[in-house]
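In: sequence and predicted structure, then a few things I'm wondering about:
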Amino acid sequence: MILHHWLKLANSPHTTVSGRQRVLTPQGQLLIVGFNPVSLHGVSAQVRGLLRHELWRWHRPVVEHRLTDWLHLLGCDVDEVIRLYGVPPIGKGRLQRALMACDAWTQRHNFPLSGVYILHATKQVARPRPW
């Protein structure tokens with residue numbers, strides 16, 4: 001199941017995640033793509049929301065570590081987290097090349113303050129107990 005930027009607009013992200021986890025089969029895969037609210041992109045989106053920009057007013061991204069905690073409580077193992085856009089893709093010429101080099105460095109080192117995360121989780125089911 002794929003949740004592509006779905007949680008940021010949900011009224012109750014935790015309920016959304018638990019509902020999706022409930023319908024997964026044992027060993028089912030969950031892929032969640034979201035914006036990181038503590039990145040440069042996330043902070044700028046929060047500022048736009050404060051300025052009442054209509055597109056960003058309802059934008060409420062979920063922090064990656066909170067999502068990871070929710071998934072663990074729901075019986076899922078987080079297999080991998082990929083982080084992208086540690087540095088926003090802006091500028092031209094030398095500035096753009098320098099920022100792209102910084103972004104490549106953040107991707108190689110899986111920098112936790114990147115703009116976008118892709119979280120891959122697997123639903124784990126406990127073995128039934130023998131009576």
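Out: Alright, I've got the coordinates.
In: residues near residue 123, how many?
Out: By other Cβ atoms under 10 Å, 21 other residues sit near residue 123. Bear in mind the C-beta positions are built from the backbone N, C-alpha and C, glycine included.
In: and if you look at residue 91?
Out: 13.
In: in this protein, which helix or strand is least confident?
Out: helix 40-50 (a mean of 65; mean pLDDT, DSSP states H and E).
In: residue closest to the middle of the chain?
Out: By Cα atoms, centre = their mean, the mean C-alpha position of the chain lies nearest to residue 34, the distance being 3.3 Å.
In: please identify the helix or strand for it.
Out: strand 29-35 (DSSP states H and E).
In: pairing partners for that strand, with directions?
Out: Within its sheet, and counting by DSSP bridges, strand 29-35 is paired with strand 2-4 (parallel), strand 116-123 (antiparallel).
In: just name the most buried of those strands.
Out: Of all those, strand 116-123 carries the top mean neighbour count, a mean of 20, counting by mean count of other Cβ atoms under 10 Å.
In: can you pull the pLDDT of residue 77?
Out: For residue 77, the pLDDT comes out at 93.
In: whichever strand or helix holds it: what's the following helix or strand?
Out: For residue 77, the host element (DSSP H and E) is strand 76-84. Reading on from strand 76-84 to the C-terminus, the next helix or strand found by DSSP H and E is helix 93-108.
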